[in-house]
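Colleague: sequence and predicted model, in that order:
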Amino acid sequence: MPVYEFICQNCDHNFTLAMTISEYEKKKFTCPKCKSDKVTRQLSSFHTITSKKS
């Protein structure tokens with residue numbers, strides 16, 4: 001499940017949310033600290049785990 005990073009434009013609070021891609025496309029995001037809907041997504045790195053078969 002992807003993890004998305006956001007920053008609130010109102011209070012400068014950084015937060016992350018884990019959700020499916022379909023949830024991300026449908027949801028209206030709000031800051032958990034001040035409840036503002038003025039949030040923007042931040043660019044972040046990603047991490048994958050794979051199994052290596054011999």
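Modeller: Cool, got the structure.

Colleague: so which strand or helix has Ser45?
Modeller: If you go by DSSP states H and E, Ser45 is not part of any helix or strand.

Colleague: any figure for the gap between it and Ser36?
Modeller: Taking CB to CB, to the nearest Å as the criterion, Ser45 is separated from Ser36 by 26 Å. To be clear about C-beta, it is placed using only N, CA and C from the backbone, and glycine gets the same treatment.

Colleague: likewise Met1?
Modeller: Going from Met1 to Ser36 by CB to CB gives 25 Å.

Colleague: related to what we said a few turns ago, who's more crowded, Ser45 and Ser36?
Modeller: Comparing Ser45 with Ser36 by other CB atoms under 10 Å, the one with more neighbours is Ser36, at 14 against 5.

Colleague: please name the nearest non-neighbouring residue to that one.
Modeller: Counting by CB to CB, 6 or more residues apart in numbering, Asn10 is the residue found nearest to Ser36 once chain neighbours are left out, at 3.8 Å.

Colleague: and Thr16, helix, strand or coil?
Modeller: Classification of Thr16 by DSSP: H, G, I helix; E, B strand; the rest coil places it in strand.

Colleague: who touches it in this structure?
Modeller: By CB atoms under 8 Å, 6 or more residues apart in numbering, the contact list for Thr16 reads Val3, Tyr4, Glu5, Phe6.

Colleague: which SS class is the third one?
Modeller: It refers to Glu5. Taken by three-state DSSP, the conformation at Glu5 corresponds to strand.
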